[in-house]
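> Dropping a prediction and its sequence here:
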There are 2 protein chains.
Amino acid sequence: MALCDAEGVAALTMRRLGAALGVEAMSLYHYLPAKEALLDGVVETVFAEIDAAVTDVEPADGWRARIREQFLAARRVMLRHPWMPPLLASRTSVPPNLFFYYDAILRTMVEAGFSYHIAHRALHAFGSMPLGFVQEPFGPAMTSEDDDAFEEHMAALAQSLPHLTAMMESEAHDTDDPTMGWCDSQVEFEFTLDLLLDGLDRLRG
Amino acid sequence: MALCDAEGVAALTMRRLGAALGVEAMSLYHYLPAKEALLDGVVETVFAEIDAAVTDVEPADGWRARIREQFLAARRVMLRHPWMPPLLASRTSVPPNLFFYYDAILRTMVEAGFSYHIAHRALHAFGSMPLGFVQEPFGPAMTSEDDDAFEEHMAALAQSLPHLTAMMESEAHDTDDPTMGWCDSQVEFEFTLDLLLDGLDRLRG
DNA sequence: ACCTGAACACCGTTCAAGT
DNA sequence: ACCTGAACACCGTTCAAGT
C-alpha cells in the first residue's frame, strides 16, 4: 500500500515489493500463490481501513444521517488511495471484508422499516458509494495533463456542443475558475447521495 | 476490439495485435506513439458505438422516457463489451467522443425545464449510467470462480452476518436459485435509474 | 513511407539448489 | 522453513537498417 500510495498501482511489482522488503522477488512466492493474490490483499486491506473508519462514526439520528456519515467516512479513506477504484474494477474475486460493512448497512435500513427486498435494491443502487466514490466517465486526474490541447479542442467544438458550452458558462459565473476544474467532487458526491437517500426514503414500507 | 471481445483486454498486446494484422509489433509504432494511445482508441471506438446506438433511439415522450431509453440502449452496447468498465476506470485522458452524448443529455434536460446548474449536478449523479453500467464492489464475473469455497465461507460467516443472511433467505423465496446469482442486474439497473430520474424530476424548476 | 531484426529494460513465474 | 540464482516466456519500446 505504501508503494501504491507513493507511485500508483503500476509501481507495485513483485521485484519492487521484494526490494522494499529487502528480499528477492522470488521469495514472495513462499507467501503468495501469484500476484493476483497480492492485489486481492491490497484491496482487502483498504476495505479493512474503511471498515474501521465506518465503525468509528458516532451513531447519528435516523438511518439517513447514519448511512450518510458512514459513506462520507469511507470517502475520506478513499481519497487517500486514489488508485483504488481502477484496481477494484479489475478484481475478479469477491472481497470478504466488505460483507461486514454491507451487513451493517442492511441492519440500519431494516431497523428503519425497510423490507429486505428494497434494502437489497438499495445496496445495488448505492453502487460504489458505500466505498466513498462514484465511477464517472471523466475521472479526477483527467484535466491535468494536456490542458492547452484540451482547451483548444473544446473551443473548436463549442459550436457543436451548445449546451455543454452554455452550462460551462453558466456555472462559471459562480466561481473564479473558468475551466472544468469548477466541479466540486465533494459537493457532487453528497448531492448524488442525498438524491438516492431521498428516493429510498419514499419507498420505505 | 475483436481481440478484447474474444479474450479480454489483457490479450490486447502490441505483439498480438501486430500478429492479428499480419505485421510485426514494431510496425504499429508508425501509427501510434505508445500503447496508451491504442487503449484510448479502443475506448473511443466503444463510445462511438454507444453514440450511434443512442442516436438511433426513437424520441420518446418526455425527458425521463427519452433519457431512460438512451441509457438502456447504451447498456445493450456495454453488455457486448464487458471488459470496458475496468479499462475505462484506468484511463487518464478524457474521451472526446463522449462530449456529444453529454450535450444531448443536457439538451433534453434543459428543454424539459431544468436549470444548467441542476443538469450539471445530474450529469455527475448519473455517473457511469449513461454508459449503461454501474460500478459495484461485487462485479459480474465474481461468483463464477471458486463457488464451493465461497459457499462454505458464507456459511461459516452466516452468524456474523445476520442481515445479509436474512436478506438472501428472504429474496430466495421468490426464485429457484438459492445463490447470489438471483440478482438481476437488468432490474437493478432500471431500479437505480428510475430512483435517480424520480429524484431529479422533483428538482425541476 | 512503411516495415523489420536485434536489442534493451522490465515483467510474472518455475525450479532446482542453497542454508 | 525460508531464501536465492539462473532461466523462461512474455511485455513495451528504441533504433538503426532495410525496401
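Good, I have the coordinates. Numbers count the residues shown, from 1 in each chain, chains lettered A, B, ... in the order given.
> only C-alpha atoms for contact and neighbour calcs from this point on.
Fine.
> number of nearby residues for residue A:199?
Residues lying near residue A:199 (other C-alpha atoms under 10 Å in any protein chain shown) number 20.
> So it: helix, strand or coil?
Under DSSP: H, G, I helix; E, B strand; the rest coil, the three-state class of residue A:199 is helix.
> So it is in contact with residue B:195, correct?
Yes. Counting by C-alpha atoms under 8 Å, residue A:199 touches residue B:195, with 5.8 Å between them.
> got the contact list for the helix ranked longest in chain A?
Across chain A, the longest stretch assigned as helix under DSSP state H is helix A:35-55. For helix A:35-55, contacts defined as C-alpha atoms under 8 Å, 6 or more residues apart in numbering or on different chains pick out A:1, A:14, A:32, A:70-71, A:73-74, A:77-78, A:84, A:87-88, A:91, A:93, A:95-98, A:100-101, A:131.
> which ones among those residues are found in helices?
Short answer: the contacts of helix A:35-55 in helices (DSSP H) are A:14, A:70-71, A:73-74, A:77-78, A:84, A:87-88, A:98, A:100-101.
> Now neighbour count too, for these, in a markdown table please.
Formatted as a markdown table, these follow (neighbours: other C-alpha atoms under 10 Å in any protein chain shown):
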| residue | neighbour count |
| --- | --- |
| A:14 | 18 |
| A:70 | 27 |
| A:71 | 25 |
| A:73 | 22 |
| A:74 | 22 |
| A:77 | 20 |
| A:78 | 20 |
| A:84 | 21 |
| A:87 | 18 |
| A:88 | 23 |
| A:98 | 18 |
| A:100 | 18 |
| A:101 | 22 |
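> Keep only the residues you listed that also lie close to DNA strand C.
Restricting the ones in helices among the contacts of helix A:35-55 to those touching DNA strand C (C-alpha under 7 Å from any atom of the strand) yields residue A:14.
> Widest-spaced pair of the ones in helices among the contacts of helix A:35-55?
The largest separation in the ones in helices among the contacts of helix A:35-55, counting by C-alpha to C-alpha, is between A:14 and A:70 at 34.4 Å.
> Now the longest helix of chain A: buried residues?
Applying a neighbour-count criterion of 16 or more other C-alpha atoms under 10 Å in any protein chain shown, one finds A:38-40, A:42-44, A:46-51, A:53-54 buried in helix A:35-55.
> what's the farthest-apart pair in the residues you listed?
So, the buried residues of helix A:35-55 by C-alpha to C-alpha: farthest apart are A:38 and A:54, at 24.4 Å.
> Near DNA strand C, which residues of chain A are found?
With C-alpha under 7 Å from any atom of the strand as the criterion, chain A meets DNA strand C at residues A:11-16, A:25-26, A:29, A:33-36.
> Am I right that residue A:110 is in contact with residue A:120?
No. Here residue A:110 lies out of contact with residue A:120, judged by C-alpha under 8 Å, at a distance of 10.2 Å.
> which residues are common contacts for the two?
With contacts taken as C-alpha under 8 Å, 6+ apart, residue A:110 and residue A:120 have no neighbour in common.
> Now do the same contact list for the most centrally placed residue in chain A.
Centroid check for chain A by C-alpha atoms, centre = their mean gives residue A:133 as the closest residue, at 2.4 Å. Residues counted as contacts of residue A:133 (C-alpha under 8 Å, 6+ apart) are A:75, A:78, A:85, A:189.
> distance of the residue lying closest to the second one once chain neighbours are set aside from DNA strand D?
The spatially closest residue to residue A:78, leaving aside those adjacent along the chain, is residue A:132, at 6.1 Å (C-alpha to C-alpha, 6 or more residues apart in numbering or on different chains). As judged by C-alpha to the nearest atom of the strand, to the nearest Å, residue A:132 and DNA strand D stand 32 Å apart.
> so who does residue A:121 touch?
Contacts of residue A:121 by C-alpha under 8 Å, 6+ apart are B:188, B:191, B:192.
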